[in-house]
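Asker: for reference, the sequence and a predicted model appear below.
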Amino acid sequence: MKALKYICLSGLFLSAVGFTACEDDDDYFDSDAQGKRIVVERVYLENVDSKTPDRDITGTFARVGQLIRLEGSGLYGMKKVYINGYDTYFNRAYVSDNSMLITINKNTPVVDAEPAERNKIRLVKDGAEFTFDNLVIRAASPVVSFMSCTMPQKGETVVVFGENLQEVSKVTLPGGVEVTEGLESDDAKGEWFTFVMPDGVTEGGSVSFECANGSGRTPAYFNVTKGLILNFDGVGKQGYWGGKDDDGNIKAGASMVYDSDLVDDPAGSGRGLCLPIVPQRLLDEGGIASGKPRVSECWTAGNDEESDDWSRFFDLIPAETPTTEIAFQFDIYCPEEWSKTGYIQICLFNNFNYSGIKTDDDNEKSHSAFCVPWIEDGEIVPFKTTGWQTLTIPFSSITADGKRPSESNTFGGFYDMTFQDVVDARNAASYRNFGMGFVNTDFTYDGVEVVSEKFTGPSVYTDNWRIVSIKSQQISDYPEDDED
């Protein structure tokens with residue numbers, strides 16, 4: 001298919017612009033051609049898949065890797081073309097006096113081009129030269145991979161990771177709140193930019209931004225309070241049962257997390273109450289023994305609580321949304337390094353033993369997910385956060401921060417299914433409590449075999465359990481091509 005596509009493309013160009021591909025070499029290099037004045041009047045973007053296959057882009061922009069057509073006069077006999085100072089190959093077969101084709105090489109410098117050469121196309125023959133400066137050269141479109149925190153508090157710094165994120169000049173938050181001051185970006189590699197969360201952001205959705213390579217947009221998962229399952233401050237209802245003596249005192253070693261185990265935001269960012277995934281009382285009892293399942297468990301209220309029917313989220317995420325486009329997110333704070341032992345288990349409903357990875361809680365029929373943030377790309381990397389960080393667990397595959405795949409399925413492996421299937425599975429369960437807990441067993445994750453040790457810390461906190469959309473929101477250069 002690819003070969004056919006390019007054959008058709010070449011035919012289009014030859015017929016559309018009347019190139020003379022059979023010119024004699026002597027004609028191309030003779031003094032008449034080499035001395036004729038060069039003029040470029042227009043630039044066109046060539047794309048047979050577009051509704052406008054020969055699009056006039058003069059005065060706008062083109063991206064590296066794209067095929068452009070120069071239109072003017074005196075082009076026949078061209079020897080050299082420099083784009084942003086880069087010596088760019090072109091095929092002489094597609095050069096006529098009035099038109100020539102050039103693919104902007106992917107190695108063409110963009111923001112790191114010399115200032116005097118940036119956004120310039122310089123054409124050279126033996127006896128003539130011309131510089132066209134009415135076209136901006138951009139890298140590929142900006143792409144967002146993940147955000148450091150998608151539910152920040154005022155004054156917190158948010159890092160947006162991705163590609164082609166150079167020279168970010170404006171960030172627009174949901175509700176139209178604009179940020180233009182205090183922006184920082186990785187102008188060398190374009191792998192990140194930062195902004196500080198302002199006051200007055202009350203809506204949720206996508207974060208839009210403008211940078212040297214055009215406009216970009218994150219998935220619609222920023223500040224999505226409408227997707228909250230439990231935030232320990234009045235949204236959602238926590239459930240707890242058992243584990244107390246007749247006088248109401250919590251028994252030693254009780255795994256259930258109660259409201260009395262919650263703590264005020266230890267990061268001091270104003271989040272209110274949050275959940276220590278291992279309550280301090282358990283650490284004070286001497287720590288957690290190696291090989292121990294069901295160390296701790298925190299649940300929503302379950303069947304008798306109206307908010308535990310997730311069909312209430314259909315206004316936010318339509319029932320037919322594929323599970324590849326939705327995720328469970330939560331915020332985590334780990335002020336000291338965590339590694340070597342212990343991990344988080346998440347349960348879609350209450351029918352599990354918190355026995356961990358590679359147990360009955362982890363198979364193709366399971367509805368559990370696992371999060372080991374201190375294992376990354378098959379290596380142990382101590383996990384520590386500066387402030388709160390968001391972890392993202394898609395309903396179709398498990399991750400620890402939006403980029404770390406696991407060997408396990410998640411939530412029963414809801415591949416090629418919809419949010420309706422997730423809701424139905426929960427509502428069909430005997431107990432539809434949603435839960436998160438801590439396990440300290442031996443396990444293998446992402447190819448790393450771990451023999452558990454006694455866990456004595458660090459303290460790890462979570463907050464703002466929520467459901468969000470993770471559908472890509474890349475902005476098209478030409479929206480009309482996306483229209484039906």
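Answerer: Perfect, I can see it now. Residues are numbered from 1 along each chain as shown.
Asker: what's the distance between Lys340 and Lys358?
Answerer: 18 Å (Cβ to Cβ, to the nearest Å). Every C-beta, even on glycine, is put in place using the N, C-alpha and C of the backbone.
Asker: more neighbours, those two?
Answerer: Legend: neighbour count by other Cβ atoms under 10 Å for Lys340 and Lys358, higher for Lys358 (16 against 13).
Asker: that one belongs to a strand?
Answerer: No: membership of Lys358 in a strand is not supported by DSSP: H, G, I helix; E, B strand; the rest coil, which gives coil.
Asker: that one: what's it in contact with?
Answerer: Phe443, Thr444 (Cβ atoms under 8 Å, 6 or more residues apart in numbering).
Asker: hey, where'd the strands end up in the stretch 251-400 of the chain?
Answerer: 263-264, 273-276, 292-300, 326-333, 343-347, 368-371, 375-376, 379-380, 389-394 (DSSP state E, counting those that start in this stretch).
Asker: so which of the ones you listed is nearest Val257?
Answerer: Counting by Cβ to Cβ, Val257 lies closest to strand 292-300 out of the strands of the stretch 251-400 of the chain; the figure is 4.0 Å.
Asker: now the closest one, how far from the centre of its chain.
Answerer: Computed by Cα atoms, centre = their mean, to the nearest Å, the separation of strand 292-300 from the middle of its chain amounts to 30 Å.
Asker: residues in contact with that strand?
Answerer: Here strand 292-300 has contacts from 229-230, 236-240, 255-257, 275, 277-279, 282, 288, 307-308, 342, 350, 353-356, 359, 433-441, 452, 455, using Cβ under 8 Å, 6+ apart.
Asker: just checking, Leu45 touches Ala62?
Answerer: Yes: counting by Cβ atoms under 8 Å, Ala62 is a contact partner of Leu45 at 6.1 Å.
Asker: might you list the low-confidence residue ranges for this protein?
Answerer: For the chain, residues meeting the criterion pLDDT under 70 lie at 1-25, 364-365, 397-415, 482-484.
Asker: turn the strands of the stretch 251-400 of the chain into JSON lines, columns for distance to Leu101 and mean neighbour count.
Answerer: Putting the strands of the stretch 251-400 of the chain into JSON lines (distance: least, Cβ to Cβ, whole Å; neighbours: other Cβ atoms under 10 Å) gives the following:
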{"stretch": "strand 263-264", "distance to Leu101": "65", "mean neighbour count": "12"}
{"stretch": "strand 273-276", "distance to Leu101": "59", "mean neighbour count": "21"}
{"stretch": "strand 292-300", "distance to Leu101": "61", "mean neighbour count": "22"}
{"stretch": "strand 326-333", "distance to Leu101": "43", "mean neighbour count": "24"}
{"stretch": "strand 343-347", "distance to Leu101": "53", "mean neighbour count": "23"}
{"stretch": "strand 368-371", "distance to Leu101": "50", "mean neighbour count": "26"}
{"stretch": "strand 375-376", "distance to Leu101": "44", "mean neighbour count": "20"}
{"stretch": "strand 379-380", "distance to Leu101": "46", "mean neighbour count": "12"}
{"stretch": "strand 389-394", "distance to Leu101": "42", "mean neighbour count": "22"}
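Asker: ok, now how distant is Asn353 from Gln389?
Answerer: Taking Cβ to Cβ, one finds Asn353 at 29 Å from Gln389.
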